[in-house]
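A.B. asks: after the sequence you'll find the predicted model.
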Amino acid sequence: MAKDIENPCISVCQLNSELCLSCGRTKEDIRKWKRMKRPEKMAAVQRATQRLKSLQKKTQLNAAV
């Protein structure tokens, strides 16, 4: 059996409207995590990773201004 996808939660929840600024997941992804199948979890983690990268870039751009 394939290993389950690790939950990206780092237990430092910082919800900003619909997004956790710590793990990058949406409220919906967080709420559904335990019921998601492996492919859904993989997709959620990939989306969260991209969101965090985007947030970091925005933060760096704002800091440079």
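C.D. replies: Received, thanks. Numbering: from 1, shown residues only.
A.B. asks: separation between the closest residue to M42 other than its chain neighbours and R31?
C.D. replies: The spatially closest residue to M42, leaving aside those adjacent along the chain, is I5, at 5.7 Å (C-beta to C-beta, 6 or more residues apart in numbering). The C-beta positions use only the backbone N, C-alpha and C, and glycine is treated the same way. I5 sits 16 Å away from R31, going by C-beta to C-beta, to the nearest Å.
A.B. asks: and the residue nearest to M42, which of the three is it?
C.D. replies: Following DSSP: H, G, I helix; E, B strand; the rest coil, we place I5 in the coil state.
A.B. asks: ok, it - how many residues close by?
C.D. replies: 17 (other C-beta atoms under 10 Å).
A.B. asks: contacts only, for it.
C.D. replies: Neighbouring residues of I5 by C-beta atoms under 8 Å, 6 or more residues apart in numbering: R38, K41, M42, V45.
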